[in-house]
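Student: Attaching a predicted model along with its sequence, questions to come.
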Amino acid sequence: MAQPNDDIMKLKQEIFAKAAAGLASQNWERSLSCNICSYRGPLGLKCAIGHLIPDDRYSADIENKTVFHKVVAEAIPELDRFAGTVPLALAQFLRDLQHAHDFSISPFGLHQKFKEIAFLIDFPFDFPAPVN
């Protein structure tokens, strides 16, 4: 029988893969609106967490709120199973993904941060580096 920590680790890996694939698909470009990180930005760019939020759950009301805010957590389908009470370790992991996006100054820096996070969650990192 799977232990709760095993379930959380598998969920972290699933979330990581989705966010990293989304960022890689946009060449690791950050989603910025008026120089502020956003879940949905111009030109269809999304932040790491934005890639977890389907269009039918997105609302401009979540902008400028962190992943610790209830309205953001409710927009992420992978968190539905927790009925509003996201385990702290998972919430902190989502915050780490958000910070990697928000505080990286270049696509190469964001790619490197995600490579470091992959190592911490024992996840193979085979996402392509940004192309100039």
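Tutor: Looks like it came in fine. Keep in mind the model is a prediction, meaning the values are calculated, not measured.
Student: D61 touches K70, doesn't it?
Tutor: No - using CB atoms under 8 Å, D61 is not in contact with K70, being 11.2 Å away. Every residue, glycine included, has its C-beta placed from N, CA and C.
Student: where along the chain do the helices fall?
Tutor: Listed in chain order, the helices of the chain (DSSP state H) span 4-25, 70-73, 88-103, 107-120.
Student: Take those and lay them out in CSV including mean pLDDT and distance to I49.
Tutor: Converted to CSV, those look like this (pLDDT from 0 to 100; distance: least, CB to CB, whole Å):
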stretch, mean pLDDT, distance to I49
helix 4-25, 93, 7
helix 70-73, 92, 7
helix 88-103, 94, 5
helix 107-120, 96, 13
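Student: right, and those helices - which one's nearest V131?
Tutor: Nearest to V131 among the helices of the chain is helix 107-120; the distance by CB to CB comes to 8.7 Å.
Student: Could you count how many residues lie near Q92?
Tutor: Using other CB atoms under 10 Å, Q92 has 12 other residues around it.
Student: Now for it: which residues touch it?
Tutor: If a contact means CB atoms under 8 Å, 6 or more residues apart in numbering, then Q92 has no contacts.
Student: Leaving out chain neighbours, which residue sits closest to A91?
Tutor: Nearest residue to A91 in three dimensions, chain neighbours excluded: F68, at 6.0 Å (CB to CB, 6 or more residues apart in numbering).
Student: ok, now L23?
Tutor: Setting aside the residues directly before and after it, L23 is nearest to A48 in space (CB to CB, 6+ apart), at 6.2 Å.
Student: Many thanks, have a good one.
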